[in-house]
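Enquirer: got a predicted structure here, sequence first:
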Amino acid sequence: RYNLEFVSNEDEALKIAAAEYRTGKRVLWVVNTVKRCQNIAKRLKKEHEINALVYHSRFRLKDRKNKHEATVEAFKQTEFSQIAITTQVCEMSLDLDADVLITEIAPIPSLVQRFGRSNRHLDGKPE
């Protein structure tokens, strides 16, 4: 179901995310802190001219609801590439199917939840 690839740093992960985005994939990138979530989104914009969705717990409640809905809607479609950078808020709340998941190391229960956000379609093409 999954094809795991370990990378040694954020720069490598950034290149993978941008490359997968450019092939039309929906990429979910889960990090463990809000600051890294924000920084990765800024780097994608600056270095790769990619506008990522950003979803974390520090938004005001009404803004977080809007971010939540926008992220779920963006991943429902399969015609256009998308990147969402999120924190642990995605583990329990986001009902989406990403083609590619990039995640930081986390406790096993968190990783299981994160893996559940990718390759739900089981089309035989692991990502």
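Expert: Cool, got the structure. Numbers count the residues shown, from 1 in each chain.
Enquirer: how many neighbours does Ala52 have?
Expert: 22 (other C-beta atoms under 10 Å). C-beta coordinates here come from the backbone N, C-alpha and C atoms, glycine included.
Enquirer: look at the closest residue to it other than its chain neighbours and give its secondary structure.
Expert: In this structure, Ala52 finds its nearest non-sequential neighbour in Ile83, 4.2 Å apart by C-beta to C-beta, 6 or more residues apart in numbering. With DSSP: H, G, I helix; E, B strand; the rest coil as the basis, Ile83 sits in strand.
Enquirer: swap in the one 5 residues further on?
Expert: Recorded secondary structure, Gln88: coil (three-state DSSP).
Enquirer: identify the residues contacting it.
Expert: Contact analysis of Gln88 by C-beta atoms under 8 Å, 6 or more residues apart in numbering lists Val30, Asn32, Ser57, Ala106, Ser110.
Enquirer: give me phi/psi at it?
Expert: Here the main-chain torsion angles of Gln88 (degrees, to the nearest 10) amount to phi -60, psi -10.
Enquirer: distance-wise, check it relative to Phe75.
Expert: According to C-beta to C-beta, to the nearest Å, Gln88 and Phe75 sit 17 Å apart.
Enquirer: export stretch 31-41 to PDB, keeping only CA atoms.
Expert: Extracted in PDB, the C-alpha atoms of stretch 31-41 (Å, rounded to 0.1, in the frame of the first residue of the first chain):
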ATOM      1  CA  VAL A  31       5.100  18.600  10.400                       C
ATOM      2  CA  ASN A  32       5.200  18.700  14.200                       C
ATOM      3  CA  THR A  33       5.300  22.500  14.800                       C
ATOM      4  CA  VAL A  34       3.400  25.500  13.500                       C
ATOM      5  CA  LYS A  35       6.700  27.400  12.900                       C
ATOM      6  CA  ARG A  36       8.000  24.700  10.500                       C
ATOM      7  CA  CYS A  37       4.600  24.500   8.800                       C
ATOM      8  CA  GLN A  38       4.700  28.300   8.100                       C
ATOM      9  CA  ASN A  39       8.400  28.200   7.100                       C
ATOM     10  CA  ILE A  40       7.900  25.300   4.600                       C
ATOM     11  CA  ALA A  41       5.000  27.100   3.000                       C
END
